[in-house]
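S.K.: model the structure of this input:
(one chain, ligands or ions: 1)
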Amino acid sequence: MWAGLEILSTYTSETDARIDMARLESAGLIVRLATDNCGGMRPHFDLDRGVRLLVAPQDLEAARELLKPAPPDSSHWTCAACGTQGEPGFDACWQCGRPRG
Ligand SMILES: [Zn+2]
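M.R.: Below you'll find the model as predicted:
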């Protein structure tokens, strides 16, 4: 079941790898986690060799796209209810509480 899989990314911590793995799996991709830490008996091997996330070659592009950090929200907006200028990164008007439209 490992044959033909491509290394998507290498991590120094299994936790970080599992976070990305969960994001990809929730998007429907098949992901495999590969560690050389002997089932946790040699955790320092993770630092030496890394924890690898593997995906099928046809999923590689989609997986990279999914793991891209979201661009920062830099757009100002105007509240449709009271006309107050909303700050980037906020989802509701600070003046009247109306959700950003
Ligand atoms: Zn408002």
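S.K.: where does the prediction get shaky in the protein?
M.R.: Counting by pLDDT under 70, the ranges of the chain that qualify are 1-2, 37, 39-40, 42-47.
S.K.: in this protein, which residue is most central in space?
M.R.: The centroid of the chain falls nearest to Leu67 when counting by Cα atoms, centre = their mean (4.3 Å).
S.K.: what is the neighbour count of the residue nearest to that one when sequence neighbours are not counted?
M.R.: Distances taken as Cβ to Cβ, 6 or more residues apart in numbering put Asp20 closest to Leu67, at 5.6 Å, once the chain neighbours are dropped. In short, each C-beta sits where N, CA and C put it, glycine included. Around Asp20 there are 18 other residues, counting by other Cβ atoms under 10 Å.
S.K.: what helix or strand is Asp20 on?
M.R.: Per DSSP states H and E: Asp20 is located in helix 14-26.
S.K.: what comes up buried for that helix?
M.R.: Across helix 14-26, burial judged by 16 or more other Cβ atoms under 10 Å covers 14, 17-18, 20-21, 24.
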